[in-house]
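**Q** based on what follows, work out the 3D shape:
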Amino acid sequence: MKRSLFTLVLVGGFSAIIIFLVTSFLPLTITSEKYSILVDPIMIQDEMGTETHVTIKNTGTDTLTNIVVNYGEAVKPDVIPKLDSGEKISLSPPVGSDLKVVKVTTDEGIDITKVYRTPTSVSFVGNSGYGG
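**A** Here you go, the predicted structure:
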């Protein structure tokens with residue numbers, strides 16, 4: 001009886017740890033919104049220079065159309081004709097971009113303005129701390 005109770009507690013403990021690890025490290029995005037988008041402008045500055053990326057991900061349930069990514073008035077915006085649900089794209093702002101904000105609009109009425117973020121640099125991760 002004591003052995004089966006110990007086994008039950010041990011299995012339950014391992015199950016709880018596995019559930020915690022799976023839910024913590026797997027990027028599960030549950031959405032019920034028809035049209036939703038993630039905009040993540042990143043700027044990495046170090047002794048090697050400045051590197052910028054803008055990640056666009058369709059987090060809604062339906063396809064987005066004519067996504068316009070505007071980097072400022074001085075440069076031509078990028079236009080993504082179609083982005084299916086769950087699809088992600090990474091863009092590099094063109095030379096001459098002001099690198100302050102990114103404005104994203106879609107035919108479906110989404111209008112988002114995001115400031116560039118600077119991730120914490122970790123020296124042991126490759127590519128200037130970005131890890132990419």
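**Q** show me the contacts for I89.
**A** Counting by CB atoms under 8 Å, 6 or more residues apart in numbering, I89 touches T55, I56, K57, I80, L83. In this view, the C-beta of every residue, glycine as well, is placed from N, C-alpha and C.
**Q** need the three-state assignment for it.
**A** For I89, the secondary structure call by DSSP: H, G, I helix; E, B strand; the rest coil comes out as strand.
**Q** by neighbour count, which of the contacts of I89 wins?
**A** Comparing these on neighbour count, I56 comes out first with 24 neighbours (neighbours: other CB atoms under 10 Å).
**Q** quick one: residues contacting that one.
**A** Per CB under 8 Å, 6+ apart, neighbours of I56: I37, L38, V39, I67, V69, I80, L83, K88, I89, S90, L91, V104.
**Q** ok, back up a step: could you dump the contacts of I89 to CSV with distance to E47, secondary structure and pLDDT?
**A** Shown next, in CSV, are the contacts of I89 (distance: CB to CB, whole Å; DSSP: H, G, I helix; E, B strand; the rest coil; pLDDT from 0 to 100):
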residue, distance to E47, secondary structure, pLDDT
T55, 24, strand, 95
I56, 29, strand, 96
K57, 31, strand, 96
I80, 33, strand, 96
L83, 35, strand, 96
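**Q** which one of the residues you listed is nearest I112?
**A** I56 (9.8 Å; CB to CB).
**Q** what's opposite that closest one in the beta bridge?
**A** Judged by DSSP bridges, the bridge partners of I56 are V39, I89.
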